[in-house]
Each structure stands twice: as structure tokens, then as C-alpha cells.
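> Provide a 3D model corresponding to the input given below.
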Amino acid sequence: MRRPLRRTLLALATTLLAATAATTTATPSQAATTTAATPTLTTNSGFNDWSCRPSPAHPEPVLLLHGLGGNGPGNMAFLGPALAAAGYCAYAPTYGEPLPGLPVGGLKAVDDSAHEIAGTIDRILATTGATRLDLVGHSEGAFESLYLPKALPGYAAKTAKVVAIAPPTHGTTFANLITLAETLGIRPAVDTVLATAGCVACTELTTGGPAVARLNDGPITRPGIDYTVVASTADALVTPYGTEYVAEPGVTNESVQQYCPLDPVGHIGLAYDGDVAQLVLNALDPAHPGPVLCTLGPLF
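Residues are numbered from 1 along each chain as shown. Model (predicted):
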């Protein structure tokens, strides 16, 4: 019985990761380097434009961080143009690619990706002349937006705001697949297979994973940064619901459904939902909030 169940579990995990990659890989990314997530980005609907200079209304550039198995241009194909249209200099590189040029990122170790993202932060600040920027992440990218200012010395001072969309802050059971693996006594085998297949981050972000332990060792937040966490009660991937939130002073934790109870938006769909985009804009510019119109986000 155990061997067929093991194969079923691993197949489900593989399918889950493949679905994430397929959904978020709309546009091929450029090759990554060890010092910056993407050395050359192409302009796409106003974002990823290195000639952009921050305006007085929006002095901090925005770095958008994609999710596990996604890429910057594809995962941020909705949020990037929305931010650019609102007057922000927004950038969406691909980080954590196991092979340069492969449009699937976020698979490397969380800390390795954090250092890669830090190189991009330095490039954005040097190019735009800004002293700080805002981090907006989805899924693993949201985890990185919480992790990087805490783990990398000096980067809290370079970060003004963090908007984390569905981060596995306290780890995820990946829709209870990990819980099932632990019940069956095959969690070590699952971790080994996922890491061997080229997805170190997959095991690091699960409940009890090493990156999760590092993030939750002491306070998550850093002084001087404004934090917003956005989640969906319909999220079937970062589970259980509530693992996203940061219960610390100065953090705004909100769900899409507290504004729009009928929005069925799922985990991946959060990056493509107009309601979420407005919540992000409101978090970045709380002095000028716009109405959340309550559209219906993607179910997946």
C-alpha cells in the first residue's frame, strides 16, 4: 500500500508544480546572473522599463517577485501594467532559475534567491537614484519579500513597504499533501525527490521547512518598513488558511473576501485579480486609496 500511495503523492506534487509553472510562464524571461535576477529586462506594457525614473508622487520603485515555478514577466503580467499605469517604476525579473534562460524560476534555495534578488535591488536603486524601494511579492515571492529584509544585513534600510500576497509565512502543507506525507511516514522521501528534481525551495517552504524556521526565528518585521499581507480564503495551495498572516504590530493582514465576499479567487489567480491589484495600490499609497470594485478573480 505504501509504495502506490507514495507514487500518488509525488505525482500530485509534480502536477501542482507543473500547473503553477504553466500558468505563470506567459513570457520568456532573460537569463539570470548570480548578482542580479535579470541583467536586461524588456519593456512590457510600461513595466520592466529601465529608463523609468520615480516621480515625486511615487518616489519608491517597486520590485515585483513572482511565485514558485513562475517567472517575472508572466506572473506579473497583470500587476506590472497596473502599477505602471498608476505611475510607478515597476520591475519584474525572474529569480531562482535552475538553468539560465529557462522561464521557470523560484526553484533554488530561498536564501540563494534572496541574494540574487538583493543584486536586483541594488541595480534598481543605482539606476533610478532612489534610496529605498517597495517589495510586492506573490506566493514564494511574497515569502522572499518578508525574508530578505530580515535575513540580509542592510536591506531593511533599502525597503520602504512590503506587500506580501499569499506568502507561506508559517509554511504550507501544499493542499495537505505534506500532511499526508507525514502521516504516511514518507516526508523525507518526498523532500529528497523534490530537491533532487531541482526544486530546493519546494521543501524549504513547507510546514517546518528550514526557510520557514529561519523566517519565524524571532520577529519577522523590521523597523521602518510598512507591511501588508493579502490572502484569499479560497486559496487551495498555501494551506491552511491563515498561515499567510504575520501577527506582529504594524502589519495589516487582510483577505480579499473581507472586501469582496463573493470573489472566489484562488492562489495563482491572486496575481491576476483586479481586486488584489487595487489592494496592492492602496497599500503602496495609503494616503490615496481607491475603491475595490469587487470583480471575480480566477478560480485557480
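
> look at the residue nearest to the spatial centre of the chain and give its secondary structure.
By Cα atoms, centre = their mean, the mean C-alpha position of the chain lies nearest to residue 141, the distance being 2.0 Å. Put simply, residue 141 is helix when judged by DSSP: H, G, I helix; E, B strand; the rest coil.

> in contact with it, which residues?
64-67, 75, 106 (Cβ atoms under 8 Å, 6 or more residues apart in numbering). For the C-beta atoms, the positions are set from N, CA and C on the backbone; glycine is no exception.

> among those residues, which ones are buried?
64-67, 75, 106 (16 or more other Cβ atoms under 10 Å).

> which residue ranges form the strands in the chain?
62-65, 90-91, 133-138, 159-165, 226-231, 251-255 (DSSP state E).

> now those in TSV, with distance to residue 47 and mean pLDDT?
Formatted as TSV, the strands of the chain follow (distance: least, Cβ to Cβ, whole Å; pLDDT from 0 to 100):
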stretch	distance to residue 47	mean pLDDT
strand 62-65	8	98
strand 90-91	4	97
strand 133-138	11	98
strand 159-165	15	98
strand 226-231	19	98
strand 251-255	24	98
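
> distance to residue 124 added to those, as a markdown table?
Below are those laid out as a markdown table (distance: least, Cβ to Cβ, whole Å):
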| stretch | distance to residue 124 |
| --- | --- |
| strand 62-65 | 6 |
| strand 90-91 | 6 |
| strand 133-138 | 6 |
| strand 159-165 | 12 |
| strand 226-231 | 19 |
| strand 251-255 | 24 |
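
> can you tell which of these is closest to residue 123?
strand 90-91 (9.0 Å; Cβ to Cβ).

> other SSEs contacting that closest one?
For strand 90-91, the packing partners by 3 or more Cβ pairs under 8 Å, 6 or more residues apart in numbering; DSSP states H and E come out as strand 62-65, helix 79-85.

> adjacent strands (with direction) for it?
Strand pairing for strand 90-91, using DSSP bridges, gives strand 62-65 (parallel).

> what lies in contact with the partner strand?
Residues contacting strand 62-65 (Cβ under 8 Å, 6+ apart): 47, 72, 75-76, 79-80, 83, 88-93, 95, 117, 120-121, 124, 133-138, 140-142, 144-145, 284.

> what are the buried residues along stretch 222-240?
The neighbour-count check on stretch 222-240 (16+ other Cβ under 10 Å) flags 225-232, 234-239 as buried.

> hmm, I typed the wrong one, I wanted stretch 257-268.
For stretch 257-268, by 16+ other Cβ under 10 Å, it's 257, 259-260, 263-268.

> give me the neighbour count for residue 135.
Here the number of neighbours of residue 135 (other Cβ atoms under 10 Å) works out to 28.

> just list whatever residues bridge to it.
Note on residue 135: beta-bridge partners by DSSP bridges are residue 63, residue 162.

> which ones are touching it?
Residue 135 makes contact with 62-63, 65, 144-145, 148-149, 159, 161-163, according to Cβ under 8 Å, 6+ apart.

> how about those in TSV, adding distance to residue 300?
Output for those, formatted as TSV (distance: Cβ to Cβ, whole Å):
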residue	distance to residue 300
62	25
63	25
65	20
144	22
145	22
148	27
149	30
159	30
161	28
162	25
163	21
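
> considering those, which possesses the most neighbours?
Busiest of the contacts of residue 135 [other Cβ under 10 Å] is residue 65, holding 34 neighbours.

> among the helices and strands packed on strand 90-91, which is nearest residue 167?
Comparison of the helices and strands packed on strand 90-91 against residue 167 by Cβ to Cβ identifies strand 62-65 as nearest, at 10.1 Å.

> which one is residue 82 nearest to, not counting chain neighbours?
Nearest non-adjacent residue to residue 82, counting by Cβ to Cβ, 6 or more residues apart in numbering: residue 277, 4.5 Å away.

> surely that neighbour meets residue 80?
No: assessed by Cβ atoms under 8 Å, residue 277 is found out of contact with residue 80, at 10.1 Å.
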